[in-house]
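K.L.:
The following block contains a protein sequence and its predicted model.
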Amino acid sequence: MNRRKLCTILISIIAILALSLPIATAQNDCTLDATCPDFGGLSAEAIAAYPEPNVVPLTPNEDLMYDRTYYQLNGATNIYDAPNGNIISALPAGFNFVTVQNIRDGWMEINDGQWIRADNVQDRTYLVSRLTGVLLPAEGLLYPMAWTLVNQYASTIPGGIPNEVAYDIMWRYTRVTLYAEYNLDGEIWYQIGEDKWISQFTVGKIVPVERPVEVDTERWISVDLYEQVIIAYEGETPVFAALMASGLPRWETVEGLFRIYYRRTRIEMSAGVPGDDFYYLEEVPWTMFFDEGRALHGAYWHDAFGYRRSHGCVNLSITDANWLYEWVAQDFESFNSPDVEEGGPAVYVYHSGQYAGE
């Protein structure tokens, strides 16, 4: 099975400008003068009986999303002991974010006794994502659910041109029901309504996985690197699902079975080589380490969930990361790790499909 392309920009341009996707055998549309093949979709009556996924979406937790202001540093940055004081350290140029405690006369205090010039930063709080995951019904989903990953119009048939006349635009992160699927030359098209189809390349689908025999914890988590969806389970039952962003091929999120072993509500993260891939991130929220330096955590510095983009960690929206953190904390019966801890929920990292070209 092919996989949606990594380049979000290209896909967005295709969707917004309604350019034609590659079509091998399907017609662009069905008219009175053309006979459509049977794509196997559900009837209007069946769709009307189940118009929306039977899930409960979380409410964006604004108290957590905006309890801090996040600033990105522009280039190498000196850190001073006071405004106009002495340089006590420096950060090399890179992907660097700080939070600010005080602002005074063109200076910002980023930590106690650590000041930087205010003209060397940009406020990036607007990047904090409002995306939320969903609580799943105990009885399961009648039909699969997915999130759209780009702004797009549906097509009338699999492989058809996006139809701006017949359908309203679907904004990114719209929850859709996948009533049926049709394989067009190796590319899956999903039916999301009556005569409404979208490509697999433009959605992240909830695909519950059978509990691996090696998982010996009641609560466990699956990380689907193909669909970019994380699912929390209690026993055999999926209870929560959310879009995520895992590691890029250069810094992959490794497949395998792990356990959560260290947790912090806020933690500093830094790695990489100056001049290449250096990053420094203050106060990364709701962090749970499961594979050496790889962790599940909230990400305030981007809103690009559903695609690979991290240095190996599993990025979640702040609301989703908080829900998962509190759910795991119930299992440990503590909110923070006293130190490295044992017996944490299992984390199963896998691919439910294969990316194109890999």
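P.N.:
Ah, there it is.
K.L.:
Please tell me how far the nearest residue to Tyr50 once chain neighbours are set aside sits from Tyr179.
P.N.:
Nearest residue to Tyr50 in three dimensions, chain neighbours excluded: Leu142, at 5.6 Å (C-beta to C-beta, 6 or more residues apart in numbering). All C-beta atoms are positioned from the backbone trio N, CA, C, and that covers glycine. Distance, Leu142 to Tyr179, by C-beta to C-beta, to the nearest Å: 10 Å.
K.L.:
Ile161 too?
P.N.:
For Ile161, the distance to Tyr179 - C-beta to C-beta - is 21 Å.
K.L.:
of these two, who's got more company?
P.N.:
In this view Ile161 and Tyr179 are compared by other C-beta atoms under 10 Å, and Tyr179 has more residues nearby, 21 against 16.
K.L.:
if I pick that one, what's in contact with it?
P.N.:
41-42, 46-47, 50, 143, 190-193 (C-beta atoms under 8 Å, 6 or more residues apart in numbering).
K.L.:
from these, which single one is nearest Val229?
P.N.:
Distance to Val229 across these (C-beta to C-beta) is lowest for Tyr190, with 14.6 Å.
K.L.:
now the closest one, which residues is it bridged with?
P.N.:
Glu181, Ile198 (DSSP bridges).
K.L.:
what residues are up against it?
P.N.:
Counted by C-beta under 8 Å, 6+ apart, Tyr190 has contacts 146, 176, 178-181, 197-200, 203.
K.L.:
mind running it again at 6 Å?
P.N.:
For Tyr190, the contacting residues are 178, 181, 198, by C-beta atoms under 6 Å, 6 or more residues apart in numbering.
K.L.:
same question, Thr253
P.N.:
Taking C-beta under 6 Å, 6+ apart, one finds 246-247, 312 in contact with Thr253.
K.L.:
Can you check which strand is longest in this structure?
P.N.:
Secondary structure of the chain per DSSP state E: the longest strand is strand 279-291.
K.L.:
Sheet-wise, list the partners of it with their directions.
P.N.:
Strand 279-291 sits in its sheet next to strand 95-99 (parallel), strand 262-271 (antiparallel), strand 294-298 (antiparallel), going by DSSP bridges.
K.L.:
Please identify which of these is closest to Thr132.
P.N.:
strand 294-298 (12.0 Å).
K.L.:
Could you identify the helix or strand that succeeds the closest one?
P.N.:
Using DSSP states H and E, the helix or strand that follows strand 294-298 towards the C-terminus is strand 314-316.
K.L.:
what's the domain layout of this protein?
P.N.:
Following automatic domain parsing, one finds the domains of the chain at 69-123, 219-350.
K.L.:
tell me the most buried of these?
P.N.:
Of these, the one with the most neighbours on average (mean count of other C-beta atoms under 10 Å) is domain 219-350, at a mean of 19.
K.L.:
any idea how far it is from the chain center?
P.N.:
Relative to the centre of its chain, domain 219-350 is centred 11 Å away, using C-alpha atoms, centre = their mean, to the nearest Å.
K.L.:
In PyMOL, how would I select the buried members of the contacts of Tyr179?
P.N.:
Here the buried members of these are turned into a PyMOL selection, burial being counted by 16 or more other C-beta atoms under 10 Å:
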select buried, resi 41+42+47+143+190+191+192+193
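K.L.:
As CSV, the contacts of Tyr179 with secondary structure would be great.
P.N.:
Converted to CSV, those look like this (DSSP: H, G, I helix; E, B strand; the rest coil):
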residue, secondary structure
Gly41, coil
Leu42, coil
Ala46, helix
Ile47, helix
Tyr50, coil
Tyr143, coil
Tyr190, strand
Gln191, strand
Ile192, strand
Gly193, strand
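K.L.:
Just the closest of the contacts of Tyr179 to Gly94, please.
P.N.:
After measuring those against Gly94 - C-beta to C-beta - the closest member comes out as Tyr190, at 39.3 Å.
K.L.:
in the protein, which helix or strand is least confident?
P.N.:
helix 8-17 (a mean of 37; mean pLDDT, DSSP states H and E).
K.L.:
Ramachandran angles for Leu225?
P.N.:
phi -70, psi -20 (degrees, to the nearest 10).
K.L.:
tell me the pLDDT at the residue nearest to it when sequence neighbours are not counted?
P.N.:
Leaving aside its sequence neighbours, Leu225 sits nearest to His351 (C-beta to C-beta, 6+ apart; 5.0 Å). In this prediction, His351 carries a pLDDT score of 95.
K.L.:
What is the neighbour count of His351?
P.N.:
His351 - counted by other C-beta under 10 Å - has 14 other residues nearby.
K.L.:
Wait, Tyr325 touches Trp286, no?
P.N.:
Yes - under the contact definition of C-beta atoms under 6 Å, Tyr325 touches Trp286, with a separation of 4.0 Å.
K.L.:
and the closest residue to Ala242 other than its chain neighbours, what does it touch?
P.N.:
Excluding the flanking residues, the one nearest Ala242 by C-beta to C-beta, 6+ apart is Gly133, at 2.8 Å. Gly133 makes contact with 58, 240-242, 320, according to C-beta under 6 Å, 6+ apart.
K.L.:
Just give me the closest of those to Thr99.
P.N.:
For the contacts of Gly133, the nearest to Thr99 is Asp320 (20.2 Å; C-beta to C-beta).
K.L.:
Met244 is in contact with that closest one, correct?
P.N.:
No - Asp320 is beyond contact range of Met244, at 8.1 Å (criterion: C-beta under 6 Å).
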